[in-house]
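S.K.: Predicted coordinates and the sequence they were generated for:
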There are 4 protein chains.
Amino acid sequence: MPGNTFGKLFKITTWGESHGPAVGVVIDGCPPRLPLNEGLIQALLDRRRPGGSEASTRRKEPDQAKILSGVFEEMTTGTPILIMIQNRDADSGAYKPYANVFRPGHGDITYTAKYGIRDWRGGGRASARETVGRVAAGAVAKAFLDTENIKVSAYTLELGGIRAVQRDWEAIDQNPFFCPDREAAAEMIRRIDTIRAKGDSIGGIVEILATHVPGGLGEPVFDKLDADLAKALMSIGAIKGVEIGAGFESATKLGSENNDSITAKGFASNHAGGILAGISNGDDIVIRVAVKPIPSIQIEQKTIDSSGNAFNLSVKGRHDICAIPRINVVCEAMVSLVLVDHLLRQRAIS
Amino acid sequence: MPGNTFGKLFKITTWGESHGPAVGVVIDGCPPRLPLNEGLIQALLDRRRPGGSEASTRRKEPDQAKILSGVFEEMTTGTPILIMIQNRDADSGAYKPYANVFRPGHGDITYTAKYGIRDWRGGGRASARETVGRVAAGAVAKAFLDTENIKVSAYTLELGGIRAVQRDWEAIDQNPFFCPDREAAAEMIRRIDTIRAKGDSIGGIVEILATHVPGGLGEPVFDKLDADLAKALMSIGAIKGVEIGAGFESATKLGSENNDSITAKGFASNHAGGILAGISNGDDIVIRVAVKPIPSIQIEQKTIDSSGNAFNLSVKGRHDICAIPRINVVCEAMVSLVLVDHLLRQRAIS
Amino acid sequence: MPGNTFGKLFKITTWGESHGPAVGVVIDGCPPRLPLNEGLIQALLDRRRPGGSEASTRRKEPDQAKILSGVFEEMTTGTPILIMIQNRDADSGAYKPYANVFRPGHGDITYTAKYGIRDWRGGGRASARETVGRVAAGAVAKAFLDTENIKVSAYTLELGGIRAVQRDWEAIDQNPFFCPDREAAAEMIRRIDTIRAKGDSIGGIVEILATHVPGGLGEPVFDKLDADLAKALMSIGAIKGVEIGAGFESATKLGSENNDSITAKGFASNHAGGILAGISNGDDIVIRVAVKPIPSIQIEQKTIDSSGNAFNLSVKGRHDICAIPRINVVCEAMVSLVLVDHLLRQRAIS
Amino acid sequence: MPGNTFGKLFKITTWGESHGPAVGVVIDGCPPRLPLNEGLIQALLDRRRPGGSEASTRRKEPDQAKILSGVFEEMTTGTPILIMIQNRDADSGAYKPYANVFRPGHGDITYTAKYGIRDWRGGGRASARETVGRVAAGAVAKAFLDTENIKVSAYTLELGGIRAVQRDWEAIDQNPFFCPDREAAAEMIRRIDTIRAKGDSIGGIVEILATHVPGGLGEPVFDKLDADLAKALMSIGAIKGVEIGAGFESATKLGSENNDSITAKGFASNHAGGILAGISNGDDIVIRVAVKPIPSIQIEQKTIDSSGNAFNLSVKGRHDICAIPRINVVCEAMVSLVLVDHLLRQRAIS
């Protein structure tokens, strides 16, 4: 069974390869009469675009979103919304030398194992370019969440071991890493420069915060809110870990420390990260994800080609040094999609 | 949309509450002609049963599995398999005093928010007793994986801050914590005793290892193998974090460190945890999950009742001190279910 | 992908074979706080029970419904509802002689082709006994529809070529064929007697009427209300045709005859059968299904066994002469299930 | 839950409105390494195109299919296939006068009831133009079925009461109605001319034949092959009835007449229409569907506008007189999609 659809009631199906004519998404299940236009989608896509930061690829894509269906006179009609973004600056030639090489850390070897065929141009479907469709759909999800006053934001908590200490929300949009700590952000820039000079790459941690989420979202026992969030985020290419609230720290805590006391005014603490027994509890939802380093590096690596011959690979393409901060908006989109989906699911039984 | 079904081709639906007449599961999609009998299911259920360790509840349940459909002359027929386990030792009276109280760390408050009604007896559907159905289904999944020589095991990596250093596979079945390090296991026992004496509880980390998994399993871009594993595991009550391979450590690594070199004989390391671009790469699959402390503790906690009145709660019921090790077999079951499901999904396109 | 689940938001999964220990259903997605008890389910099951009419099998099953989960203090809780009905009067011995014979008109040959194994006892999963689970679920669906004042009824329109002319609703419960025309019903009884004497069987037509269905139900372009109704009904064993409103007659009509004029008070006619463009239009929903004759007959038939050897079959078991009227309540159940499902689906976007 | 996706393993999602920029489909689950190019899709689309027959609209659409993803070097890659067809000859002005009028027999009134908003241009999403996406997907399905030597064809059995007696397969492509009876076809042309002169419209019956379908396809008890076929076909706009094999005739037959005897060489007759107990039996699959007359007619009809005011409607647009024969290829596409889906589903458990 294919896996390119996400969501049950607010369903998205992304399509497109890195170097095909276009990438995009079809959204089925968006409630009717939601105000929507291309500008609104563009605004979120612009936050994902390469070139936005020091850590990014130099591929230049205008990433212009076109709505081809489902919207009439700037209102959704309840029918499928097709959003298309044309690929313009694809340089397949740069990938030709590795057409038969399995690049370490990439899906080349696993796509071949799975499908017996591989579109090697720019990583094909396994490219991060696929996330353009996710972000476009996320923009629609966020427009819907806005009508319920729910806000989702993703920011850089850690990069190359440098961790934000402050949570200064105003700082986020004022540094290229979308980091809520100005000092940490400045240090991150220096760290990225050092790593670029070595031809290496680096990982980090993104934190996602959702506020004003009503209690009652999540469908036990398998489609719990945290389970669906974990899936949504782990489905993003570079992510290798997900934790909710206290997360891995809760493994070392006592019950008396970890439990959040309840008062008439709400929870006294939020180790639960806003989710209890798989259902939102009305508190902020807090999630952290571990982002691995970009696997394409200039430093030479040992690998093999599809015939099993050894190959020394040094990747010269236009690659990011770190998936952060471009991945932040993808996380934000995925969390938004999960929340909309569960809002609609809860409506059905209310 | 309800959420009590897991899997797409090998689909399970669990049912039942802690203190209802029975709990169980219906499995739809089990391939025909698989040898199966109740003894095989019982064997895995016995590993989950309370009373098996120092950390467990004193509720005594024989947990006898009965197969009511889908099996003919000890072979699966391809039709739905209904497995029922009767509840025998339920003591609802112990929960009566808290019928209107929201126990901290439990789903009492969120189930009420979601459904507007709550079966307070033993936690109702939110009880860990629901996992009996998961384990029964997991036993069938494991029987199928056996025919492909795929093995899944879950063991205690850390408990109350005590971490296993050794990976001594023979040790696992020789200590009550299913820990692959005898010394760590001995220390864990002492730790549990200390915590029980205080009326508190503790968390830990479970590691799950799947070997002989063929390459090619996983369905990009949303039903990636790691995404489905994350969902499967995060759907288990006490779990607050999931990581694959290097997981959160990969956030601090350089690309040159984190990439697994490929040789003609396989991967030189396994930071990927056996999954690349969401598809199994043929190497061992390695996952770790963070388990929070059991929320029911004897130490007094502040909370409220359903009318918003303050309530000082000290839970006297028969509760586990730690969800580990009983949760291990649940993790093993869920990972097995994901693997069978993806094996069948891959067959469809092969 | 297995096919034992029906519905998207109000999901049912039936399980069980004709001669296994039990048959039943698990319902996932029933809204919480719906009053429900076993008596309510029993009432509908009693209408399906063999022995209720001249045309039925002589197998005597008390068909006692037991609710094992999902209901607390006679209210649904929003969690899965498991209903079990034990099989008591199974006589597998009568089927033993045909264990390797492919009975004409039955699924023996196709189940073998599909699964490579067949539970020959009483037809196994392919038996009409499976519909017990559907009717039990239908009773819950009808309880929900009652809260919206939606009524669904199924009655015998035609049997062995004898067609009801009257639509006398009071007559339905006063004759063994649930026929709204007393004279036709009397003739049907005579027809059945003649056919039984010959050791043969006969088919007929059931009409299903749903009233007070609100406009707006149905999900274009594939999950249209008529599409889902067609599937629901065609999934019942003996049904070979489904038509909505004017149905096959509309094939010979002019547009000017077939279109239903619209007035401020509603539609002037109902050739559409209550559905336009796949969405309910607020008028009565009218469906007819063609029911084939029961394939098990005493008259000798030519067939083969599983080795391909010729076999002359004369079926001596306790079989119905006609699937009508027992199939009526199954139709009623399936239509009710579709309507509930679409009511919930519509809520999600409203 | 939205309804624009069809199929489980071979999943299609159509998108687009009659007068939007484009219509199309995304196919997820097409097996990799299937040869595919735009010409192959174009060939089937050309059979659906208006202007192909006397009964068709005069809207001229080149309907050029573009593949935007999922195909690399004329081979499918296993990733989503996006096919887009631009709308060029849309004349929304002709619909402007009816923007607030509920046209009888159309979905205007039900779309408004469901979504509270309606794209009135050319019928919006409810237009038959949506089936362009179905046919494009059907072309891919047929390419896959070709690799298994399965053939699906749809032809006109009846139009305006004129019924084909012959089954002359060569005649089908030699008359504008795709009718297997030359004489009947000639009469149909005359019938259409008479009806056009009156400004009226007419219905008919399409028969669909699938040959070389292997036994074993279909997933009891709900996703039976006949159930999924019924849904697939009933989801097409103008279709009001579906029957398999003997269909409604079986309602008047005796069991001894209707049962198909089995011999070592196969079935002696095919009243079952190739499906037993919801599973293909290896014989030809035979289905008939009732097609209602086109609702847009020039003859004046009584209706209301969205404010409830009476309105006398005479539709002047460029409309078909009969949905046949353009609907034939849509039926062919839908049946092909069902067969591919079930082939893949059967592979998963084989």
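M.R.: Happy to help now that I have it.
S.K.: Show me which residues of chain A sit near chain C.
M.R.: A:1, A:9, A:29, A:31-32, A:78-79, A:220, A:344-345, A:347-350 (C-beta under 8 Å from any C-beta of the partner chain). (Glycine included, C-beta is placed from N, CA and C.)
S.K.: out of those residues, which are inside helices?
M.R.: Among the residues of chain A next to chain C, the ones falling in helices (DSSP state H) are A:Leu344, A:Arg345, A:Arg347, A:Ala348, A:Ile349.
S.K.: how much space between the fourth one and A:Val135?
M.R.: What it means is A:Ala348. The gap separating A:Ala348 from A:Val135 is 27 Å, by C-beta to C-beta, to the nearest Å.
S.K.: In terms of packing, which of the two has more residues around it?
M.R.: A:Val135 (29 against 24; other C-beta atoms under 10 Å in any protein chain shown).
S.K.: quick one on the thing from earlier: of the ones in helices among the residues of chain A next to chain C, list those near chain D.
M.R.: Within these, nothing lies near chain D by C-beta under 8 Å from any C-beta.
S.K.: Go ahead and build a PyMOL selection from the buried members of those residues.
M.R.: Of those, the buried ones can be selected in PyMOL as follows, counting by 16 or more other C-beta atoms under 10 Å in any protein chain shown:
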select buried, chain A and resi 344+345+348+349
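S.K.: Nearest to D:Val242 among the ones in helices among the residues of chain A next to chain C?
M.R.: A:Ala348 (28.9 Å; C-beta to C-beta).
S.K.: what sits against the closest one?
M.R.: Residues in contact with A:Ala348, defined by C-beta atoms under 8 Å, 6 or more residues apart in numbering or on different chains, are A:Leu9, B:Met1, C:Leu9, C:Gly29, C:Leu344, C:Arg345, C:Arg347, C:Ala348.
S.K.: Take those residues and lay them out in CSV including pLDDT.
M.R.: Formatted as CSV, the contacts of A:Ala348 follow (pLDDT from 0 to 100):
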residue, pLDDT
A:Leu9, 98
B:Met1, 94
C:Leu9, 98
C:Gly29, 98
C:Leu344, 98
C:Arg345, 98
C:Arg347, 97
C:Ala348, 95
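S.K.: what separates the residue in chain A sticking out farthest from the centre from chain B, distance-wise?
M.R.: The centre of chain A is farthest from one residue, A:Ala264, which by C-alpha atoms, centre = their mean lies 35.8 Å away. Noted for A:Ala264: a distance of 5 Å to chain B, by C-beta to the nearest C-beta, to the nearest Å.
S.K.: you'd agree that residue is up against B:Lys302?
M.R.: No: when contacts are counted by C-beta atoms under 8 Å, A:Ala264 is not listed as touching B:Lys302 (10.7 Å).
S.K.: How about A:Phe222: what's its closest non-neighbour residue?
M.R.: B:Phe6 (4.3 Å; C-beta to C-beta, 6 or more residues apart in numbering or on different chains).
S.K.: shouldn't that neighbour be in contact with A:Pro220?
M.R.: No: the criterion here is C-beta under 8 Å, and B:Phe6 misses it with A:Pro220 at 11.5 Å.
S.K.: Between these two, point out the one with more neighbours.
M.R.: Neighbour count, other C-beta under 10 Å: between B:Phe6 and A:Pro220, A:Pro220 has more, with 28 against 25.
S.K.: just checking, A:Pro21 touches A:Met84?
M.R.: No: A:Pro21 is beyond contact range of A:Met84, at 9.3 Å (criterion: C-beta under 8 Å).
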